[in-house]
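Visitor: let's see this in three dimensions:
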Amino acid sequence: MANGPGVVSSTPHFLPPAIRLAKIFGLMGTGILTGTYLTHSLHTVPALAELNAAPTAIKRAFTQIHHSSHRILLAVILGTSSSFSLVAYHLYYAPLGNLADYSPSFMHIAGTWAYFASAATLVAGLIPYSKTIMASVNHKVIESADTADITRDIGVTGLGGLEVQKKELSDDLISWSKRNWWRGAISLVAGFSAGFMAGGDVAY
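Guide: This is a model prediction of the structure:
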């Protein structure tokens, strides 16, 4: 017999496996993004800024860090954003049957597709952020390293000498770390937004 309004069914209701996997993949993706960005901002790049080495060596290490993670993180961003978008689409356009069959707490979860849509938007927003703000500071770090290297080769001393140029390179690396920190923060907020609503795979 069908349940009437306000009657809670004793039968458990599950989200489709694909949607549950999408939630898991999305949360894993935000974890990977947050961990990578914050590691670079709080440890790896600040260590380069304090490194007493030739500008060429610092530039090589910085570009290696960037190129080794760029394509992988782009794939994670696209996969994570797509996963959260799929979950949001399902919760918005494919309601989970008759909501009278679900517990009040699950009805709340089923209606909060916007949390996953917000998470998808935040993660996708990392791409334009990277292509604009981070690209400009990437260029500035490389430019500072090249300038310091040229200064060392020609033996310029005093104002504008090697030590001044190395200090500018160090400052640019710290600036890169601070701006990159925001990518980690954005990923973390996206993960919390989706994770807050991630417990609704089954209800009675």
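Visitor: pLDDT weak spots in the chain?
Guide: Residues of the chain meeting the criterion pLDDT under 70: 1-14, 94-111, 149-162, 197-204.
Visitor: mind listing what's buried along the lengthiest helix in it?
Guide: Longest helix in the chain, counting residues (DSSP state H): helix 55-93. Under the neighbour-count criterion of 16 or more other CB atoms under 10 Å, helix 55-93 has 55, 58-59, 61-62, 66, 69, 73, 76-77, 79-91 buried. For glycine as for every other residue, the C-beta is placed from the backbone atoms N, C-alpha and C.
Visitor: host element of the residue sitting nearest the centre point of the chain?
Guide: In the chain, the centroid-proximal residue (CA atoms, centre = their mean) is residue 187; its distance is 3.3 Å. Using DSSP states H and E, residue 187 sits within helix 162-195.
Visitor: and for residue 136?
Guide: Going by DSSP H and E, residue 136 is in helix 135-154.
Visitor: just the angle between that helix and helix 55-93, please?
Guide: Angle of helix 135-154 versus helix 55-93, following axes from the mean of the first three to the mean of the last three CA atoms, to 10 degrees, is 170 degrees.
Visitor: got the CA positions of helix 135-154 in CSV?
Guide: Output of helix 135-154 as CSV, limited to C-alpha atoms (Å, rounded to 0.1, in the frame of the first residue of the first chain):
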residue,chain,number,x,y,z
ALA,A,135,49.6,32.6,-15.5
SER,A,136,50.7,36.2,-14.9
VAL,A,137,52.6,35.4,-11.7
ASN,A,138,54.1,32.3,-13.3
HIS,A,139,55.5,34.6,-16.1
LYS,A,140,56.8,37.1,-13.5
VAL,A,141,58.7,34.3,-11.6
ILE,A,142,60.3,33.1,-14.8
GLU,A,143,61.2,36.7,-15.9
SER,A,144,62.7,37.4,-12.5
ALA,A,145,64.8,34.3,-12.6
ASP,A,146,66.1,35.1,-16.1
THR,A,147,66.9,38.7,-15.1
ALA,A,148,68.8,37.4,-12.0
ASP,A,149,70.7,34.9,-14.2
ILE,A,150,71.7,37.6,-16.7
THR,A,151,72.8,39.9,-13.8
ARG,A,152,75.0,37.1,-12.5
ASP,A,153,76.6,36.4,-15.9
ILE,A,154,77.5,40.0,-16.5
